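[1] One predicted model, sequence on top.
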Amino acid sequence: MRTLHVGVRVHDLERSIGFYTVLGYEVVGTVPETDFGSLTMLQLPSDEYVNLELVHEPSAGAIEFGGLHHLVIQVDDLEATLVGLAARGLQAEVPSSPDGSDDFLTTWLTDPDGYRIELVQWPDGHPVGMTRADFADPGQS
């Protein structure tokens, strides 16, 4: 098994597509009519697969936040990413380092519907994603 993608409900589809494309996502396809609205599939250029789905159903009413806390996106160079985003009109919070180092950095921004997005620059030599090695007790689940 593997996680395929995350679907998030959006109020204004065009505004959300604009935000996520500025962030770096590309629209790879749409499914215009489903039981829960139109679906717009997004992926980052360096990803092989779709990893974000924008679900748009205007008749469903206001978006109420539930269990989704945030999305996390890995970047190679956080400083360069923030400069590029700012040039395209997106502002993020001031970066910080969870471990106090200069090469493990995180920051946050918010999409048009209020979803929080964390940008992460892993330290040199870190695997692409999180693994058991990131936790003090490798046996914990």
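    Structure's in. What do you need? Numbers count the residues shown, from 1 in each chain.

[2] Quickly note the distance from L23 to L44.
    9 Å (C-beta to C-beta, to the nearest Å). To be clear about C-beta, it is placed using only N, CA and C from the backbone, and glycine gets the same treatment.

[3] show me what contacts P58?
    H11, G37 (C-beta atoms under 8 Å, 6 or more residues apart in numbering).

[4] at 6 Å instead, please
    Under the criterion of C-beta atoms under 6 Å, 6 or more residues apart in numbering, P58 has no neighbours.

[5] quick one: the strands in this protein?
    6-10, 26-31, 38-43, 52-56, 70-74, 105-110, 116-121 (DSSP state E).

[6] Make JSON lines from those strands and add mean neighbour count, mean pLDDT and distance to R88 to it.
    Shown next, in JSON lines, are the strands of the chain (neighbours: other C-beta atoms under 10 Å; pLDDT from 0 to 100; distance: least, C-beta to C-beta, whole Å):
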{"stretch": "strand 6-10", "mean neighbour count": "18", "mean pLDDT": "93", "distance to R88": "19"}
{"stretch": "strand 26-31", "mean neighbour count": "12", "mean pLDDT": "95", "distance to R88": "15"}
{"stretch": "strand 38-43", "mean neighbour count": "20", "mean pLDDT": "96", "distance to R88": "16"}
{"stretch": "strand 52-56", "mean neighbour count": "20", "mean pLDDT": "95", "distance to R88": "18"}
{"stretch": "strand 70-74", "mean neighbour count": "14", "mean pLDDT": "92", "distance to R88": "15"}
{"stretch": "strand 105-110", "mean neighbour count": "18", "mean pLDDT": "96", "distance to R88": "12"}
{"stretch": "strand 116-121", "mean neighbour count": "18", "mean pLDDT": "94", "distance to R88": "14"}
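
[7] and of these, who's closest to V128?
    Nearest to V128 among those is strand 70-74 (6.9 Å), distances taken as C-beta to C-beta.
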